[in-house]
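[1] predicted model follows, preceded by the sequence.
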Amino acid sequence: MDLYEYQGKQLFSRYGIPVSDGRYVTTPEEARTAAEEIGGAVVVKAQVLTGGRGKAGGIKLADDPADAEEKARAILGLEIRGHVVTKLWIESASEIAKEYYLSITFDRGTKQPLLMFTTQGGVDIEEVAETNPDALVRLHVDPLEGFQPYHARRLIYGAGVEDRSEQGQIAAILAKLYEAFVGTDAMLCEINPLIVTPEGEVKALDSKFTVDDNALYKHPEIAEMRDVEAADPLESLAREKDVTYVKLDGEVGILGNGAGLVMSTLDVIALAGGRAANFCDLGGGGDAEGVVDALEVITRDPQVKSIFFNIFGGITRCDEVAKGILAALERMPIELPIVVRLDGTNAEEGRRILADAAIANVHPEATMLDGARRAVEAATK
Amino acid sequence: MDLYEYQGKQLFSRYGIPVSDGRYVTTPEEARTAAEEIGGAVVVKAQVLTGGRGKAGGIKLADDPADAEEKARAILGLEIRGHVVTKLWIESASEIAKEYYLSITFDRGTKQPLLMFTTQGGVDIEEVAETNPDALVRLHVDPLEGFQPYHARRLIYGAGVEDRSEQGQIAAILAKLYEAFVGTDAMLCEINPLIVTPEGEVKALDSKFTVDDNALYKHPEIAEMRDVEAADPLESLAREKDVTYVKLDGEVGILGNGAGLVMSTLDVIALAGGRAANFCDLGGGGDAEGVVDALEVITRDPQVKSIFFNIFGGITRCDEVAKGILAALERMPIELPIVVRLDGTNAEEGRRILADAAIANVHPEATMLDGARRAVEAATK
Amino acid sequence: MAIIVDQDTKLVVQGLTGSEGSFHGLRNKRYGTRVVAGVTPGKGGQDVEGVPVFDTVVDAVEETGANTTMVFVPARFAADAIYEAVDAGIATVICIAEGLPAHEMLRVYTYIRPRGVTMLGPNCPGALSPGKANVGIIPAEIFTEGSIGLVSRSGTLTYQIGHELTQMGLGNSTIVGIGGDPVVGSSFIDILERFEADPQTEYVVMVGEIGGDEEEKAAAFIEAKMSKPVVAYIAGFEAPPGKTMGHAGAIISGSSGTAQGKKEALEAKGIRVGTSPTEAAQLAAEVARG
Amino acid sequence: MAIIVDQDTKLVVQGLTGSEGSFHGLRNKRYGTRVVAGVTPGKGGQDVEGVPVFDTVVDAVEETGANTTMVFVPARFAADAIYEAVDAGIATVICIAEGLPAHEMLRVYTYIRPRGVTMLGPNCPGALSPGKANVGIIPAEIFTEGSIGLVSRSGTLTYQIGHELTQMGLGNSTIVGIGGDPVVGSSFIDILERFEADPQTEYVVMVGEIGGDEEEKAAAFIEAKMSKPVVAYIAGFEAPPGKTMGHAGAIISGSSGTAQGKKEALEAKGIRVGTSPTEAAQLAAEVARG
């Protein structure tokens, strides 16, 4: 789950990482009040879960409360890379002497947290990694050893920070960031830029924070940060029904079990000359009720012209899937052609259930490739 | 550093381990007030850093505040195994259905925390270990893996606790006790007895808590719990001057560097027919000032009849020791015979410094055995 | 021979008394796997169709000599279950449970790795050595015994490919699902190494998917260390960039980890890659038939 | 040969710019030890009498090929220093610093052990292989080269015994102080094992003291695994029960861990035990002279 800048900064504050005084607002009037409370010049920042806010005009300096209100009015409603701005973060404006970059990533490759630091902050870090790789210091942490002070020294001396006070502040921030990373089950904690003010104070001017969905049950206060409004309504419905749903751009609705098989199904649909409109992954369990839910989600997408059930039962039982299809057809009128391919656990029984029901728009197919062809044909007909 | 029962219980509370409502008091009047505040029957418990309080009359039940005052008066001033009672803990009296035992020990042998649990609590645990070893479940925890819920299950099922509610409460207490053990750098956290009330509530009725002296700097709030009054005045002086000092019962004062050499010196003094009155260990550093401090501590003990400096310099430099002896003799009049044996780092120079000073009661000796003989001879003369 | 599970497997099922645990545990037993024990705290002394249940894994190991565990407990209890098994001396852990908190699995992985424990999963279908033992949820009836080692990150895709192989008359030494969670106990390389050492295995089919760089690493390993032929299949050519595909492992970040990139990396090392399960099976058949 | 430190030792001193660190580091260098680097954060680029100082251990390793570290930093920074060294690839850690928080050392020990790191200390005098290298605070001038391996929990007591041996004309292969903190990196057995394997070592003197059961375990090991003669000395017969003797390791609890108990355990395995350093040295001389 990705957090907004202001949410990440709330977590930073909780762990003692210095950030500027700020307020979360959603209207120009609130922006004015916030600027009054904060005092002095403020920055009005669009809160969107995408990059490129600055270039898109989503971050503006305001000299006084009236200006803040005006800037907020200008930013609210902007569309930035497909995200409409409805939330703002108003924070005390900072003078910037230096811009650094600091992050901790969950590195699945090495199976260790990865610390990254460079004094070349404030820009796209991939660019630094490419054009000036030596400037980006990387260091893994053994998860059982945990963060040790020497890790900070390796980053600080490796990146060439020479000011003693800066060194101390960065080391302290890094220790706290690691604590936040582990303490919140984060997949990413990024500070870009980590600024040094002309007075020598080091603080986080932005935040990028991603928390492991599988660990949210341990952090109800973070789980509550999820922005249900911002999500696609169908995706929200899917989430509510605990179905993995992804919107795509073609015409075949896909219902499979297991991410690998679903991905393979997309590929085979493409080989058959079609394109997927969306897909639902029944995942592990997949009882009849789950099938009904998934069908409900899929059929609400008006782009869907045909549906392809591609099931290879393991933990999922094909008889349950067949029952789910029948149950769904009883509860809602689905006239789209439904191509069904069942194999694996209790496949015989599943096929028999469908055969016995003999429903006109349900077409059994024996193989994945045949099923894909039939679904594409049905969608484009 | 050993904590009093009431201090251990304060730490238990901090970590969420259930204890009875109680108050720390030092006078009979305070005991009455405490009993009034707590309400109902209370237990008046002597706070001493030794076992056997119960048998010595240091724990008494009081029916009401007046009774509590009376019992407190009876217990205050008692001498229990050499400790005079000056502190009391007044706590709400508990009804006891069962008595269990639970502890975590820092096991230096295996270099892992050791969990121990038995349903045969309330008695001397060494006795259970001897007479009914199977009843005492022991389990080590890998320090990097840390405590896991299964550790609790191994103890609970291993000891045969069958009540579901008890199982749950004990598992929760154990998890918290481990957190306390690691969080306070403890060498021992013991609950004996861990009681079950007739209502089925599990709680700690006593506490034994030892914290690593070397880690006290991380826990200033625990370091402050040290009872300076209770310590021997000479030991307090030694602590203040950062000298390791131990009082013994013979007539030779010993000043050595390093625990091993000091222990060996005690043995060699015994082989020479004498006994040590006390010893100071200069330990690692041992500069001239440290020698002065140690001499000051040692000579305040009236049992000392002669002093034996047994120094083998490594990190300690013999010239510094020699300078320290001269400095001490300048500052305070010491008429006791001082036998000095110097070897190792800068021994030549140390010996020359003493030879040049040519002080009448300072006797250099070439070997440890000769030095011990001379010191014993001088003490018994 | 075969790898990971075979006739010597003595299986304890953690969570045997749950509905999924008993369904698949008993199915494994009916297949012929030596399912010697179940563990469910508080149900020690009971049995599930003759399989004795214990309160703790250590009891199960002491009483039955179990050497392999199948973890069928809810995700939030799975890390604890794995520690319990490993600390009780279990050498092979097959974790069907999915969705373990990634940080927990990070610590579990780091803990078990130097102890020489073999682990599949979390979020894996298990391992099946046809004719010998089946541990997990793989539908054994669609596979036959043979000489192809099959290793995959995905459960159902494994069945699909295995099914295609069977249709072509090709059997398997062992089918291994390494699991789809972000951190899993074994890599492709770990399994390829064992197939290389296994006398029964003559060829290997590796089933990869978008995300991460395990396939790229495996390609380098195959070229450098393997004498046995390997063919591959990669899923996710049509996967939308930047979307989580269900397996947290299958996130495309930037250009790295794409199916196309993996295909090219494999082909650069001389490893043939099918673009559909059917094609991958055909390539395997070509290799197997010389 | 000799063990732990020798001509191949390339030493980095963590804390070289401190007063103790430079005193002993330079003393080790004058003895002939290859002291190749120092580490003090913030002093990278300086030097201490020609020994280059680095900000981090990894820099020191990369620039100088250091393979051994001497940790001379204050106790509260020592665990961090050890992790830094081990993670930088240092294989031998000699920690002079004393009084590390016991829980920190517990984690350090558990972390470094499976990595094959050799560690002496905390709270140890180091290791001296006369004529080859001296790492630590052992006064080298009182020892001569020879065939006796000496291992001890105590610093100054080691010197005392070594001194007595020297007086009798007996030399040492290596003098090893394993350290007096509650948790140390090497046990008697670890060192005895290495002496047994070392061609230069013909006899071993083991110097124990009250507390713990390391000497008892060593007695069993010597009987079972060692072909070379071992004699022992135990300190603390007169130590008062229940008092901490400075080494936290030397706490007598109940009847176990007493000097008398250790002496009897050793003698039961045929190992002769001296009751004073002089007697121990005499026993060693008897053994050495046949």
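    Cool, got the structure. Only a predicted model underlies this, so the values are computations on that prediction, with no experimental measurement involved.

[2] now residue C:185: closest residue in space that isn't a chain neighbour?
    Leaving aside its chain neighbours, residue C:185 sits nearest to residue C:119 (2.6 Å; criterion: C-beta to C-beta, 6 or more residues apart in numbering or on different chains). C-beta: built from backbone N, CA, C; applies to glycine.

[3] before we move on, what about residue C:54?
    residue C:60 (4.3 Å).

[4] what comes up buried for the helix or strand containing that neighbour?
    For residue C:60, the host element (DSSP states H and E) is helix C:57-64. Buried residues in helix C:57-64, counted by 16 or more other C-beta atoms under 10 Å in any protein chain shown: C:57-61, C:64.

[5] what would these look like in CSV with pLDDT?
    As requested, these are exported to CSV (pLDDT from 0 to 100):
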residue, pLDDT
C:57, 98
C:58, 98
C:59, 97
C:60, 98
C:61, 98
C:64, 98
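
[6] of these, closest to chain D?
    residue C:58 (20.7 Å; C-beta to the nearest C-beta).

[7] can I assume the closest one is in contact with residue B:155?
    No. When contacts are counted by C-beta atoms under 8 Å, residue C:58 is not listed as touching residue B:155 (11.5 Å).

[8] common neighbours of these two, please.
    With contacts taken as C-beta atoms under 8 Å, 6 or more residues apart in numbering or on different chains, not a single residue reaches both residue C:58 and residue B:155.

[9] tell me the mean pLDDT for the following helix or strand past the helix holding residue C:60?
    Towards the C-terminus, the helix or strand next in line after helix C:57-64, according to DSSP H and E, is strand C:68-71. Strand C:68-71 carries an average pLDDT of 98.

[10] whether the next helix or strand after strand C:68-71 contacts chain A - can you check?
    The C-terminal neighbour of strand C:68-71 among helices and strands, as given by DSSP H and E, is helix C:75-87. Yes. For a cut-off given as C-beta under 8 Å from any C-beta of the partner chain, helix C:75-87 has contacts with chain A, namely C:75-76.

[11] in the stretch 51-200 of chain C, which residue sits nearest chain D?
    Scanning the stretch 51-200 of chain C for proximity to chain D using C-beta to the nearest C-beta identifies residue C:114 as nearest, at 4.3 Å.

[12] and the pLDDT at that residue?
    94.

[13] surely it forms part of a helix?
    Yes. Assessed with DSSP: H, G, I helix; E, B strand; the rest coil, residue C:114 lies in a helix.

[14] that one against residue D:114, yeah?
    Yes. With the criterion set as C-beta under 8 Å, residue C:114 and residue D:114 qualify as a contacting pair; they are 4.3 Å apart.

[15] follow-up on the earlier one: show me the contacts for the residue of the stretch 51-200 of chain C closest to chain D.
    residue D:114.

[16] do residue A:222 as well
    Contacts for residue A:222 were tallied using C-beta under 8 Å, 6+ apart; they are A:1, A:3, A:11, A:184, A:211, A:216.

[17] ok, residue A:96 next?
    With contacts defined as C-beta under 8 Å, 6+ apart, residue A:96 is in contact with A:193, A:195-197, A:205.

[18] residue in the stretch 151-290 of chain C with the shortest distance to chain B?
    Counting by C-beta to the nearest C-beta, the stretch 151-290 of chain C gets nearest chain B through residue C:185, at 15.6 Å.

[19] quick check, pLDDT for residue 85.
    This is for chain A. Reading off the confidence values, residue A:85 has pLDDT 95.

[20] nope, chain C
    pLDDT recorded at residue C:85 is 98.

[21] could you give the bridge partners of the closest residue to it other than its chain neighbours?
    Leaving out its chain neighbours, the residue that sits closest to residue C:85 by C-beta to C-beta, 6+ apart is residue C:69, at 4.3 Å. Bridge pairing for residue C:69 (DSSP bridges) gives the partners residue C:12, residue C:93.

[22] next one: residue A:80
    Counting by DSSP bridges, residue A:80 is bridged to residue A:83.

[23] that one contacts residue A:52, correct?
    Yes. Counting by C-beta under 8 Å, a contact exists between residue A:80 and residue A:52, whose distance comes to 6.6 Å.

[24] so for these two, which sits in the more crowded spot?
    For residue A:80 versus residue A:52, the count of surrounding residues by other C-beta atoms under 10 Å in any protein chain shown is larger for residue A:80: 20 against 11.

[25] need the contact list for that one.
    Contact partners of residue A:80, counting by C-beta under 8 Å, 6+ apart, are A:46, A:48, A:50, A:52-53, A:56, A:58.

[26] in which helix or strand does the closest residue to chain B within the stretch 101-250 of chain C reside?
    When scored by C-beta to the nearest C-beta, the stretch 101-250 of chain C has residue C:111 as its residue closest to chain B, at 5.4 Å. In the assignment (DSSP H and E), residue C:111 maps to helix C:102-112.
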